[in-house]
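**Student:** Mind folding the following:
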Amino acid sequence: ERMMAVVNRFQESLKSIRGAVPTAEMFDDVQVNAYGSMTPLKAVGQVVIVSPTLAQITCFDPAVAKDVQNAVQLALELNPQVEEGGMVRVPLPRVSMEVREQTAKQLHKKAEACKQKLRQVRHKAMGVVKKGKDGKLAGISKDDAFASAKEIDVVTEQAMEKLKSMVDEKMDSIMAV
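**Tutor:** Predicted coordinates for the structure are as follows:
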C-alpha cells in the first residue's frame, strides 16, 4: 500500500511537467495570493488550452486576475496578459530541444527520488520480516516471514515496473516534436 501511494504521488507530480503538447495540468502547481492567502489556481479560475501556443485562464472573480497573472509569471516564467472581464491570456512558447532535454533530466531526478522512497519502504518492511525470521516477533512463524519477504519483493518489482513505464511514457511525451 505504501509503495503504491509513493508511485501514485509520483504520477500526480508528472502532470505538472510539460510535454511537447501543453495541458491544463501544467498549471496545477501554481499558487495564487488571493483573498489574503495562497490558493491553488484551479480554486480561483479555470484553465483552457486554446491552441498549442495559447492558454486562457478565466477567473471566477475578475478582481483576482492581476494576482493570477503574477502567480503564473512567478511559477511558470511565462508572460500572461490580463484582459477585460477577468480573462488572463498566457502565450505558451514552443518547447525547444534544449528545454526538453532539461525537462527530461528533471524527470529522471524525480524518478530516482521516487525509487529511493520505494527502497526505503521496502527496507522498513524487510526489517520487520527479519525480526520475524529471527523469532523476535510473537505470532509470526519463520515460514510466514519468508513468504512475506517474497511478497514484499514482488510488490517492489511491480512498483518499480509501474514507475519505469510512467517515466517512459512521459519521456515520449516530452521528446515528441
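
**Student:** For the rest of this, base every contact and every neighbour count on C-alpha atoms.
**Tutor:** OK.

**Student:** Contacts for the helix-or-strand element of the chain with minimal mean pLDDT, please.
**Tutor:** When the helices and strands of the chain are compared on mean pLDDT, DSSP states H and E, helix 2-14 comes out lowest with a mean of 83. Residues from elsewhere that reach helix 2-14, judged by C-alpha atoms under 8 Å, 6 or more residues apart in numbering: 107, 110-111, 114, 117-118, 121, 155-156, 159, 162-163, 166, 170.

**Student:** Closest one to residue 78 out of these, please.
**Tutor:** Nearest to residue 78 out of these is residue 107 (C-alpha to C-alpha; 20.5 Å).

**Student:** Tell me which residues touch the closest one, please.
**Tutor:** 14, 167.

**Student:** next one: phi and psi at residue 34?
**Tutor:** Dihedral angles of residue 34 (phi, psi; degrees, to the nearest 10) stand at phi -120, psi 140.

**Student:** any chance you could map the helices in the protein?
**Tutor:** Here the chain has its helices, by DSSP state H, at 2-14, 41-44, 65-76, 97-133, 142-175.

**Student:** among those, where is the model least confident on average?
**Tutor:** The minimum mean pLDDT among those belongs to helix 2-14 (a mean of 83).

**Student:** circling back to that earlier point, what is the most widely separated pair among the contacts of helix 2-14?
**Tutor:** 121 and 170 (24.4 Å).

**Student:** Compare those two and say which one has the larger neighbour count.
**Tutor:** residue 170 (21 against 17; other C-alpha atoms under 10 Å).

**Student:** Now render the contacts of helix 2-14 as TSV, adding distance to residue 140.
**Tutor:** Putting the contacts of helix 2-14 into TSV (distance: C-alpha to C-alpha, whole Å) gives the following:
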residue	distance to residue 140
107	41
110	37
111	35
114	31
117	27
118	24
121	20
155	20
156	22
159	26
162	31
163	32
166	36
170	42
